[in-house]
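Novice: the sequence and its predicted three-dimensional model are supplied below.
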Amino acid sequence: MQDKNWKHQLGLFFGILFVSTASVLIRYAQEDASSLIVAAYRMAFSAIFLCIIVVIKEPSFYKTYTPDRLRQAFLAGSFLAVHFASWITSLEYTSVASSVVLVTTTPLWVSILSPIVLKEKVGVNVIFGLVLAMIGGIVVGLSNVCSITGGQITCDSFSLILSGKELLGNLLALLGAFMAAGYILVGRRLRQNLSILSYTFVVYGFSAIWLVLVVILRGENLFSYSSSTFLLLFLLALVPQVFGHSLFNWALRFLPASAVSVALLGEPIGSSLLAFVILNEPPTLLEIVGGSLILFGISLTLFRKTRN
């Protein structure tokens, strides 16, 4: 049992590494494409890639889908699409810091809803790990507008969180967090009966359909982009989505939804390290402090939980 637990934890670790590449790839892709275009192609390329794999590996995958499971997969894909659409759109109205802080609340909603939706008990270790990791996520988010000078923390434009268009952006980010929680909770239930390939292909496919429809309704061009941009979009689909998110979805079959959701908070740490290596953006002191809290919170949640 302990060996299996280590495999699940290792899977989450690599999932965090793969997902952490998203911010750098998105940064470069957004130089030529809008945020929603990036999200739509991320999911569309993921679904196409998985379609090829699932046809080769599991050509009869559709037989495992009862009408109820298909409805649940549609719900999970819809949650994922709304998560991407609302969170990415929030960045047009509010600061990155505010958006990151609010999206960080995803594990909170998962932990609150897990006992109700999944009948899963949330242990004391998960609660402590959740609190530490969320505090760390908030610290990392605020590092964009706050700094430590002379032993004091000063923050710029913090009063904008509840004013004007920033309020709309913050509400969209919060909606994104809630939708991500729904995606995780439905995935936890559905993954008990479906293979990782059949689950991710259908869910990513539904999500892609929603996002492409949104792009079309907004009147955005789907095709006038450079070959280098399409390469970035394909890498975004392959590495953080097919490899990264799929590893989280794989872990949902074996680990509680609350533990997996807390592990998602490790993404800012990996993103900061990659930004330092690739973009020459060294982490700030607040990012280092927040990242340490996140790592400790994740460790407390996973390693204590798997002793049961």
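Specialist: Structure received. Numbering: from 1, shown residues only.
Novice: so where do the helices sit in the protein?
Specialist: For the chain, the helices defined by DSSP state H occupy 2-19, 22-29, 35-57, 67-90, 96-103, 106-117, 124-142, 164-190, 196-217, 227-236, 246-251, 257-263, 267-278, 285-305.
Novice: what does stretch 248-261 contact?
Specialist: 4, 8, 11-12, 15, 19, 106-107, 110-111, 114, 118, 120, 122, 126, 130, 181, 184-185, 187-188, 191-192, 196, 199-200, 203, 263-264, 301-302, 305-306 (C-beta atoms under 8 Å, 6 or more residues apart in numbering). C-beta: built from backbone N, CA, C; applies to glycine.
Novice: just to revisit the earlier point, which of the helices of the chain has the lowest average pLDDT?
Specialist: Least confidently modelled of those is helix 96-103, at a mean of 67 by mean pLDDT.
Novice: what about stretch 266-277, distance to the chain center?
Specialist: Stretch 266-277 sits 14 Å away from the centroid of its parent chain (C-alpha atoms, centre = their mean, to the nearest Å).
Novice: cool, stretch 267-284 as well?
Specialist: Centre to centre, stretch against its chain (C-alpha atoms, centre = their mean), the figure for stretch 267-284 is 17 Å.
Novice: which of the residues in that stretch are buried?
Specialist: 267-272, 274-275, 283-284 (16 or more other C-beta atoms under 10 Å).
Novice: which among these gets closest to residue 27?
Specialist: Set against residue 27, the nearest of the buried residues of stretch 267-284 by C-beta to C-beta is residue 275 (8.4 Å).
Novice: mind listing what the closest one touches?
Specialist: Residue 275 sits next to 23-24, 281, 283 when contact means C-beta under 8 Å, 6+ apart.
Novice: same deal with residue 220?
Specialist: Neighbouring residues of residue 220 by C-beta under 8 Å, 6+ apart: 34, 36-37.
Novice: which one of those sits in the busiest neighbourhood?
Specialist: Neighbour counts for the contacts of residue 220 (other C-beta atoms under 10 Å) peak at residue 37, which has 23 neighbours.
Novice: my guess is that residue contacts residue 215. True?
Specialist: Yes: counting by C-beta atoms under 8 Å, residue 215 is a contact partner of residue 37 at 6.1 Å.
Novice: anything in contact with each of those two?
Specialist: Residues touching both residue 37 and residue 215 (C-beta under 8 Å, 6+ apart): residue 222.
Novice: thinking again about what came up before, among the contacts of residue 220, which one sits closest to residue 226?
Specialist: Residue 226 has its nearest neighbour among the contacts of residue 220 in residue 37, at 12.7 Å by C-beta to C-beta.
Novice: distance of the closest one from residue 47?
Specialist: Distance of residue 37 to residue 47, given as C-beta to C-beta, to the nearest Å: 16 Å.
Novice: residue 33 now?
Specialist: Plainly put, residue 33 is 18 Å away from residue 47 if you go by C-beta to C-beta.
Novice: swap in residue 214?
Specialist: 15 Å.
Novice: give me the more crowded residue out of the two.
Specialist: More crowded of residue 214 and residue 47, by other C-beta under 10 Å: residue 47, with 24 against 18.
Novice: which residues touch that one?
Specialist: 201, 204-205, 207-208.
Novice: got the end-to-end distance for stretch 22-39?
Specialist: Counting by C-alpha to C-alpha, to the nearest Å, you get 11 Å between the two ends of stretch 22-39.
Novice: identify the residue nearest the geometric centre of this protein.
Specialist: By C-alpha atoms, centre = their mean, the chain has its centre lying nearest to residue 264, at 6.3 Å.
Novice: surely that one touches residue 106?
Specialist: Yes: assessed by C-beta under 8 Å, residue 264 is found in contact with residue 106 at 6.6 Å.
Novice: what is in contact with those two at once?
Specialist: With C-beta under 8 Å, 6+ apart as the test, residue 264 and residue 106 both reach residue 180.
Novice: so how far is residue 19 from the nearest residue to residue 76 once chain neighbours are set aside?
Specialist: Spatially, and ignoring its direct neighbours in sequence, residue 76 is nearest to residue 186 (4.2 Å; C-beta to C-beta, 6 or more residues apart in numbering). Computed with C-beta to C-beta, the distance linking residue 186 and residue 19 is 19 Å.
Novice: how close does the residue nearest to the centre of the chain sit to residue 300?
Specialist: Residue 264 is 15 Å from residue 300, by C-beta to C-beta.
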